[in-house]
Each structure stands twice: as structure tokens, then as C-alpha cells.
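Undergrad: Build me a structure from this.
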Amino acid sequence: MVQTGTMQKYTKGNLLLIQDRPIRYAMSNVFEIGATWPKAYDRVAVGKNGPYVIACFRAEGEDKSWWYMPHDEYAFLVEGEMRVDYIEPRDELKPGPHPKVSGTDMGHITLRDGSLASLPARVAYRMRAVRKSLVLLQTKDSSWITYAWEKICLKEE
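TA: The predicted model follows:
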């Protein structure tokens, strides 16, 4: 059965076991994370397969960080509207968040419900949303991913 939701109206998710191997596959309710997670832009893991991670976050206001990764990432806007600005860095950067990035402005993309954006390798990006929005991010495991399986999958109502 297909269920839809929003951050304002959702049915609480639960742990969904696939092939009785919860250590490998779990699904949580991304709408609940978007609605209740205390920090905007905090990348919360909702799925993991080896080094690959699907994270979700609430975009609200401007992310204070410019992000730079050595691999491609993809952002899927589930709900709301968000702008992504791109810069080709002048200097080599370490992976992860940066307070400032200097380089060549590469423009921006505006995402609306159902839009997908490429976040290319070795290009810095920053996100901003004028209203509360929900994003899924396909990326690789890193220290910037929040793992909170106990909070998002196993808590009681």
C-alpha cells in the first residue's frame, strides 16, 4: 500500500525489516525527521548500503556551510522549495563543510517538490530555503552524517 505524507501530516513510521536482516536495511519516516529534528541541514541517515548513504534533512533558512566533496552527490527535494548555489573553488579544499569558499560563481538551481539536483564532485555548494523544506541526499558515509537509528526507528509513541 502506498502512503503519502507531508511534514505537517504523516503517519508515524516503523522499522521495516527486509529479508530479516535489520542490520543491513531499515526504513524510517523522513517526514517525521523533517518535522521534528532539532537542527536544520543536519544530515540524518535513513538508509545505508556499504559506503553509500541516503540522508534526509530539513532545509530552512540558509545553510551556514559551503559543502565540498570529492564524489558526486544528489539532492531530491521531497517537499518545499530550495536554492542551491555552486562555486568552482579557486583552491583545493578538504572534503566537508567550509564557512567560506572563493572561486568562480557557477550559478544556481531552484528545486521544487520532486526536483532532483546534481551536486558534482569538486564543486562547492550551499543551500537555502525560504520556507521549511524536506530533502533526501544521496552521498557517501562521512563524519558529517548523523546516525540515530534508535531515535528514528526504534522509539515508542
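Undergrad: Every contact and neighbour count from this point should use C-alpha atoms.
TA: Fine.
Undergrad: just the strands in the chain please.
TA: 43-49, 52-62, 66-68, 73-79, 81-89, 96-98, 103-112, 116-119, 124-140, 145-146 (DSSP state E).
Undergrad: quick one: which of those is nearest K9?
TA: strand 73-79 (12.2 Å; C-alpha to C-alpha).
Undergrad: Can you point out the buried residues in the closest one?
TA: Y74, A75, F76, L77, V78, E79 (16 or more other C-alpha atoms under 10 Å).
Undergrad: about what we covered before: any chance of the strands of the chain in a markdown table, plus distance to G34?
TA: Shown next, in a markdown table, are these (distance: least, C-alpha to C-alpha, whole Å):
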| stretch | distance to G34 |
| --- | --- |
| strand 43-49 | 10 |
| strand 52-62 | 5 |
| strand 66-68 | 20 |
| strand 73-79 | 10 |
| strand 81-89 | 14 |
| strand 96-98 | 21 |
| strand 103-112 | 16 |
| strand 116-119 | 18 |
| strand 124-140 | 6 |
| strand 145-146 | 14 |
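Undergrad: Turn these into CSV, columns for mean pLDDT and distance to T36.
TA: Listed next are the strands of the chain as CSV, based on pLDDT from 0 to 100; distance: least, C-alpha to C-alpha, whole Å:
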stretch, mean pLDDT, distance to T36
strand 43-49, 90, 12
strand 52-62, 96, 9
strand 66-68, 98, 24
strand 73-79, 95, 15
strand 81-89, 98, 18
strand 96-98, 97, 23
strand 103-112, 97, 21
strand 116-119, 97, 24
strand 124-140, 96, 11
strand 145-146, 94, 15
